[in-house]
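[1] Any chance you can model this:
(chains A, B and C, ligands or ions: 2)
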Amino acid sequence: MKVVQISFLLASRNLWRNYRRTIIMLVAISVGAWAMIFMTALMRGMVNEMLRDGIRSLPGLVQVHNSAYRDDPSINNLVSMTDIEIETTFAAAGIERYATRVRVPAIISSERESRGVTLLGVDPLRERSIEAVGSVIAEGRGLESIDDNGIVIGKKLAGKLDTEIGKRIVLMSQDPDNEVADRGFRVVGLFEANLAAQEEAFVFAGRTVVQKMLGIDGRVSEIALTGDDYRNVELLLADTRRLMDGRDEVLSWQELDTFLGTMLGVMDGFVLVWIVVIFLALSFGLVNTLVMAVFERVREIGLMLALGMRPSGIMLQIIFESLLLLMLGLSIGNALAYASVIPLKDGLDISVVAEGMEMFGAASVLYPEIQVNDVVLANVVVLTLGLIASLSPAWRASRYEPVKAITKV
Amino acid sequence: MAVNIISRLAWRNVWRHPRRTWLTIGAMVFSNALLVFMISIQFGMYGLMIDNTLKAFTGHMQVQAPGYKDDLKMRQVVPDAATLAEKLRSELKLDRISARSSAFALLSSEDRSYGVQVFGVDPQYEPGVSTIPGLVREGRFPTDNNAQEIVIGKTLARNLRVETGDELTLLGSGRDGSFAAAVAEIVGIFDSGVPDFDRSIAEIPLGFFGDVFFMDHAAHSIVIVAPALSAVEEYRPRVEELLSPADGLVVHDWNALQPGLKQAIQADISSAFFMYGILVILVAFSVMNTQLMSVLERTHEFGIVMSLGVTPGRLGRLVLLETGMIALAGLVLGALVGGLITLWFGYKGFSYPGMDQLAANFNLPSRFYPQVTVLTLFLGPVFVFAGSILSALYPALRLQWVHPVEAMRSLQ
Amino acid sequence: MSAVRCVDLCKTYRQGDQDIKALDHVDLEISDGGFVCLSAPSGGGKTTLLNAIGGLDKPDTGEVWIAEQRIDQMSKGELAALRLSQIGFVFQAYNLIPVLSARENIEFVMQVQGQPTALRRDKAMAILREVGLAGLEDRRPAEMSGGQQQRVAVARAIVSRPALVLADEPTANLDSTTSDGLMALFVDLNQNHNTTFVIATHDQRVMGYAKRLIRMLDGKIVDDIDQQAA
Ligand SMILES: Nc1ncnc2c1ncn2[C@@H]1O[C@H](COP(=O)(O)OP(=O)(O)O)[C@@H](O)[C@H]1O
Ligand SMILES: [Mg+2]
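    Ligands and ions are numbered 1, 2, ... in the order given. Have a look, this model is predicted:
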């Protein structure tokens, strides 16, 4: 262990011998580490917000539907249990964060305009418990109970329909016998969402009112359940499957929205690729620095070998020097990355490309998110690959012939 | 002669430490190859994304009533649209021009109803401005402008439990807000491959649409496809000239019609260029390091040459020349390697896990064939080259402060 | 028992298109407790012979034995261990590790040997006093004169009391007083600890201390004089 000590001492002193070179390399490593973490934080911020938005609009991490509903989202494909049965079953299992919803395609008409929308008959209290889209009210009031007579529509949709709070609109859909079911509602509130598309797509009314209008008393189209971590839905999924006892289709958000599900996987892959690419770009300079350092120290390396230090001691010195350089650069880079997201904690406004971001399903304000696991990944990858990259110069140094080194003038 | 000696000297210096030089060139080749490949893919994808998106439905330009683009209100119309379309076709000598209307309606079959967007299209000219008529897999696209016929997507047909030959009821509101209803026969079913799209759209002949929704010869837009995307700017003023000022119509180009498209590209370009910038900076540091080393180890030598009367400026230029040689090698080799990799993927096709899912969102295929152009081949490497030369300025300028006597006393 | 035995050593270097015989059939045996001076003009093969004895360099042909162990066929690791435990070196030039202080340079070998910190510190301070460098323990090589550096190198070579000390022109940079002091130290070690010394030199004063004087010329031993008898 004494050899490790002396190797470390020599490495830390040698690092500062050619301080210009060390500083240039440190700056490069710091910039690289900063870029790894900062860029990842921006992308993570975007994708996480996308996932949260997507999950809010699904809504939930897990949903239950009639197995025919996803291909044919009509009034005829309803969940097999009645809402009362669902309530008792879920209450018995201790599941609280769920919402039962009627969800059907409909046409909404003001005096002047018509639009296709998704009509949701909801229980407003339960909606809030799963943090579904539509809970952020911009004007007027939200729904107050499951038999609230009013309707809440998106702000954007209100504009397109030329309607406003207090005015009447008509909703038209079909009942189970394919008779046109329509009903007039008074607009009581306008909701706001991160994505314009959501403000145009959904309208919310009290669940029992919608059930009555469509003639499906006590029945719902979907059950939406949520949990704390969208990366871990297995448990919730299994619990729900057990409760539904194979009667309906129970799917996770990844299966419900394959674009979102893929996005998470692609993002994880991108983070790793980005880290490795930056490292590779740095590795040439790192190896170069080590090669130069070894080259300049031929004589003292020979001397140490001549005095009886084993080649492994020499290797250790070079590897320590490389790791010290990397760790120092990484520390600075990490600190810079953390510091550079501070001024952005209120979000980076990219609304100039808002419609473009919406094509990705992303919002127009970006909140960088530094995830500890990304930071750990970046540092571990750089140190590990850095270690591997320094093996070759370190090996070469340890192979020097002491006598050549000593007698070299 | 002098130039010859200087460049020969520079060349020899470059190869004093071959391993070091190759490592520096290696950094350049790595970054350059990556840049060539990424930029080729990126630019190719942008082109495809624009083409595929506009080809499907939007066209290159549309004539509309002001405000229609954002509000899509029934009463924001182009009056006498068929006549205007005909005039544009003959005056501009383009036949890919077609009038179109749209409305939301409830489509009902025997046992199902769905709300969809119904388009009124000119059976004769629509195939020139949209890919949907060509996607009809079952039955046919209407031919008679006044026929009570409808074409729907595959998913919608399945959901409505109908096939060609069945009848559908349309319910909606007309241009004046009054109740609009009609019955139409399903003559064709299209399949775009995107289930949600195929559930939300139906097309009927423009004349029939006018009758049902009380359009009175008006339509909502006239879709124009220019001979090429790049010709849009040339055609736009000509279209504007042909409009009668009394109607107060406007011409929107594709960028106004699909603002997301250009913005998505801009967002993608800016994040990509941030990443490319980092690569260039890292290579520049690598070069700065190498050149600083090479200057420092020659301090003694430079001292001698300076005491012989060579100016620091000339030595600085020597260092820059050496850097230029290394950077040129990096540029040529990098562009070559990058170009070859791109060609290989251009032949084999490029894909990554999850791409099929993401690509569909942007109207892109799940396998992509990048192409090498002069721009994609040299855009990245030129920046790396410039970054390298810039970074060598520090070691080169350092020479200005070198004192010959001090330098000669230094050991190495 | 012999401390060093060389049998028929040959070593040829190529310089340009010329072959130089640095060692030309050298036979040599040095017994335990010997105090030998190798003297030769510059280029005579002194350094080459010392390197061969110390296992730093392999002869082209012939055998090298240290303490009855044949070393010219040992692996690098075995040689390193041998040097560490039995041999102290003073090289002709470039003796010290630039980033370490005088004390740390002296401690280097002991540290690689794995001696405890306190012990090796005491030994280093003691030896620094013995070579007359008390108070300079924290200086780096660049902050010391050539003579001081040479004394640090000597201190390092003898600090862990090796059985054999190989010194290549140890007095080359020293004034006569310091040289005498150094030689007195060597003689003392030789007498009290039975340490074997092989010293390459062309300094007449140094030769005066030797029990045995070996003269070389062009890689050959030309003279071998027992000075004790005289
Ligand atoms: N590494 C080497 N390469 C070529 N020639 C060498 C080398 N080392 C020593 N020599 C030559 O071998 C001969 C003996 O050298 P050396 O043992 O250093 O002599 P001394 O130490 O007596 O001055 C000299 O002629 C020298 O030039
Ligand atoms: Mg010598």
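
[2] The spatially most central residue of chain C: which element?
    Central residue of chain C (Cα atoms, centre = their mean): C:L166, 1.8 Å from the mean position. Applying DSSP states H and E as the criterion places C:L166 in strand C:164-168.

[3] From the contact counts, what lies against that strand?
    helix C:46-53, strand C:87-90, helix C:146-159, helix C:176-193, strand C:196-201 (3 or more Cβ pairs under 8 Å, 6 or more residues apart in numbering or on different chains; DSSP states H and E). All C-beta atoms are positioned from the backbone trio N, CA, C, and that covers glycine.

[4] Show me how far it is from its chain's centre.
    Put simply, strand C:164-168 sits 2 Å off its chain's centre (Cα atoms, centre = their mean, to the nearest Å).

[5] in its sheet, what does that strand sit against?
    For strand C:164-168, the paired strands and their directions (DSSP bridges) read strand C:87-90 (parallel), strand C:196-201 (parallel).

[6] does ligand 2 sit close to the last one?
    No: taking Cβ under 5 Å from the ion as the criterion, strand C:196-201 and ligand 2 are apart, separated by no less than 6.4 Å.

[7] quick check: angle from that strand to helix C:146-159?
    Counting by axes from the mean of the first three to the mean of the last three Cα atoms, to 10 degrees, strand C:196-201 lies at 160 degrees to helix C:146-159.

[8] A:S340 contacts A:A35, doesn't it?
    No: counting by Cβ atoms under 8 Å, A:S340 sits too far from A:A35 to count as a contact (10.4 Å).

[9] Minimum distance to ligand 2, which residue of chain C gives it?
    Going by Cβ to the ion, ligand 2 is nearest to C:T47 of chain C, at 3.2 Å.

[10] So, low pLDDT: which residues of chain C?
    C:229-230 (pLDDT under 70).

[11] What are the boundaries of the helices in it?
    Taking DSSP state H as the test, the helices found in chain C are C:46-53, C:76-86, C:102-113, C:117-130, C:146-159, C:176-193, C:204-209.

[12] Tell me which of those helices is the most buried.
    helix C:46-53 (a mean of 26; mean count of other Cβ atoms under 10 Å in any protein chain shown).

[13] Give the other helices and strands that that one contacts.
    Counting contacts by 3+ Cβ pairs under 8 Å, 6+ apart, helix C:46-53 is packed against helix A:402-407, strand C:2-15, strand C:18-31, strand C:35-39, strand C:61-66, strand C:164-168, strand C:196-201.

[14] now what about that helix, what contacts it?
    Helix C:46-53 is contacted from outside by A:403, A:406-407, C:4, C:6, C:9, C:11, C:22-23, C:26, C:28, C:38-40, C:57-59, C:64, C:66, C:72, C:92, C:166, C:168-169, C:198, C:200, C:216, C:219, using Cβ atoms under 8 Å, 6 or more residues apart in numbering or on different chains.

[15] got the CA positions of stretch C:28-36 in PDB?
    Extracted in PDB, the C-alpha atoms of stretch C:28-36 (Å, rounded to 0.1, in the frame of the first residue of the first chain):
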ATOM      1  CA  LEU C  28      35.500 -10.400 -12.000                       C
ATOM      2  CA  GLU C  29      34.800 -11.500  -8.500                       C
ATOM      3  CA  ILE C  30      34.300  -9.300  -5.500                       C
ATOM      4  CA  SER C  31      34.000 -10.800  -2.100                       C
ATOM      5  CA  ASP C  32      31.700  -9.700   0.700                       C
ATOM      6  CA  GLY C  33      32.900  -6.500   2.300                       C
ATOM      7  CA  GLY C  34      35.000  -5.500  -0.700                       C
ATOM      8  CA  PHE C  35      35.700  -1.900  -1.400                       C
ATOM      9  CA  VAL C  36      36.500  -1.700  -5.100                       C
END
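
[16] Which residues belonging to it are considered buried?
    Going by neighbour count (16 or more other Cβ atoms under 10 Å in any protein chain shown), the buried part of stretch C:28-36 is C:L28, C:I30, C:G33, C:G34, C:F35, C:V36.

[17] gap between the closest residue to the fourth one other than its chain neighbours and A:V403?
    Just to be clear, that refers to C:G34. Excluding its sequence neighbours, the residue lying closest to C:G34 (Cβ to Cβ, 6 or more residues apart in numbering or on different chains) is C:T196, at 5.0 Å. Relative to A:V403, C:T196 is positioned 21 Å away (Cβ to Cβ, to the nearest Å).

[18] now B:P66
    90 Å.

[19] Count the residues that sit near the residue in the stretch 251-400 of chain B positioned nearest to ligand 2.
    Nearest to ligand 2 in the stretch 251-400 of chain B, going by Cβ to the ion, is B:H300, at a distance of 25.3 Å. Applying other Cβ atoms under 10 Å in any protein chain shown, we find 14 residues neighbouring B:H300.

[20] now do B:G165
    For B:G165, using other Cβ under 10 Å, the count is 9.

[21] these two touch, right, it and B:I189?
    No: the pair B:G165 / B:I189 is not scored as a contact, 10.8 Å apart, by Cβ under 8 Å.

[22] Tell me which of B:P66 and A:V403 has more neighbours.
    Taking other Cβ under 10 Å, B:P66 and A:V403 do not tie; A:V403 has more neighbours (20 against 12).

[23] To what extent is C:N194 buried, counted in neighbours?
    Neighbours around C:N194, by other Cβ under 10 Å: 12.

[24] Look up the closest residue to it, ignoring the ones flanking it.
    In space, C:N194 comes closest to C:G33 once its chain neighbours are excluded; the distance is 4.4 Å by Cβ to Cβ, 6+ apart.

[25] orientation of the helix or strand harbouring A:L377 relative to helix C:76-86 in degrees?
    Using DSSP H and E, A:L377 sits within helix A:372-398. Orientation check (the same axes, to 10 degrees): helix A:372-398 against helix C:76-86 gives 80 degrees.

[26] what's the nearest residue to the residue of chain C found nearest chain B if we skip its chain neighbours?
    Of all residues in chain C, C:A142 sits closest to chain B, at 11.1 Å by Cβ to the nearest Cβ. Spatial nearest neighbour of C:A142, chain neighbours left out: C:P98 (6.5 Å); criterion: Cβ to Cβ, 6+ apart.

[27] Got phi/psi on the one you found?
    Dihedral pair for C:P98: phi -60, psi -30, per degrees, to the nearest 10.

[28] tell me the contacts of it?
    Neighbouring residues of C:P98 by Cβ under 8 Å, 6+ apart: A:R17, A:E300, C:R140, C:P141, C:A142.

[29] before we move on, back to that, in JSON lines, list the strands paired with strand C:164-168 along with mean neighbour count and distance to A:L326.
    Shown next, in JSON lines, are the strands paired with strand C:164-168 (neighbours: other Cβ atoms under 10 Å in any protein chain shown; distance: least, Cβ to Cβ, whole Å):
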{"stretch": "strand C:87-90", "mean neighbour count": "26", "distance to A:L326": "35"}
{"stretch": "strand C:196-201", "mean neighbour count": "26", "distance to A:L326": "44"}
